[in-house]
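*Asks:* Sequence below, structure please.
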Amino acid sequence: MRRLLTVTAAWLLGAGVYVAAAIGWNGYDGFPDTILLPACGAVVSAAFVGGGLLAGRALRRTPLGRAWQSRSAWAAVAAVGSVAVLVFGSAVGLTGEYTDPDTGEPFRALHPAAALGGYALLLFAVAHWPLGRLTGAPGAVS
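*Replies:* The predicted structure is shown next:
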């Protein structure tokens, strides 16, 4: 049940980040965006959370996976770091060169690797947030 909570939180957060980024990139175009952006955000978020769950499954029995599960600080650092990349990445030079399709003018914005990597790491961190064990179990965290 706890894993369902973190996965749902990651999915909702991913959809929200997608909608915010889409509006920030293209602006808000009225009623169609009210329907289409959350739907697209839900699909993209589900794909990234699913990929993160598969990656977490592969990492679970490795030393990295054991270290991740040992403390929630690792997830917090990953989440804060990925948000920092998404918010401040362009300002610190993690940019790519793009061309506006309407005007043909070049502009710089967050590099796709930084954007997708930050998004994926944020959703991974939330979906795999260590919650501890059930109360009363041996080695339980109270």
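
*Asks:* Every contact and neighbour count from this point should use C-alpha atoms.
*Replies:* Will do.

*Asks:* The host helix or strand of Trp25 packs against which elements?
*Replies:* According to DSSP states H and E, Trp25 maps onto helix 2-26. In this structure, helix 2-26 makes packing contacts with helix 31-59, helix 112-127, judged by 3 or more CA pairs under 8 Å, 6 or more residues apart in numbering; DSSP states H and E.

*Asks:* Let's have those helices in JSON lines, adding distance to Tyr98 and mean neighbour count.
*Replies:* Output for the helices and strands packed on helix 2-26, formatted as JSON lines (distance: least, CA to CA, whole Å; neighbours: other CA atoms under 10 Å):
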{"stretch": "helix 31-59", "distance to Tyr98": "22", "mean neighbour count": "16"}
{"stretch": "helix 112-127", "distance to Tyr98": "11", "mean neighbour count": "21"}
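
*Asks:* Dump those helices into TSV; add mean pLDDT and distance to Asp100 as well.
*Replies:* Shown next, in TSV, are these (pLDDT from 0 to 100; distance: least, CA to CA, whole Å):
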stretch	mean pLDDT	distance to Asp100
helix 31-59	92	20
helix 112-127	95	16
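
*Asks:* so which of those comes closest to Tyr18?
*Replies:* Of all those, helix 31-59 sits nearest to Tyr18, with 5.2 Å by CA to CA.
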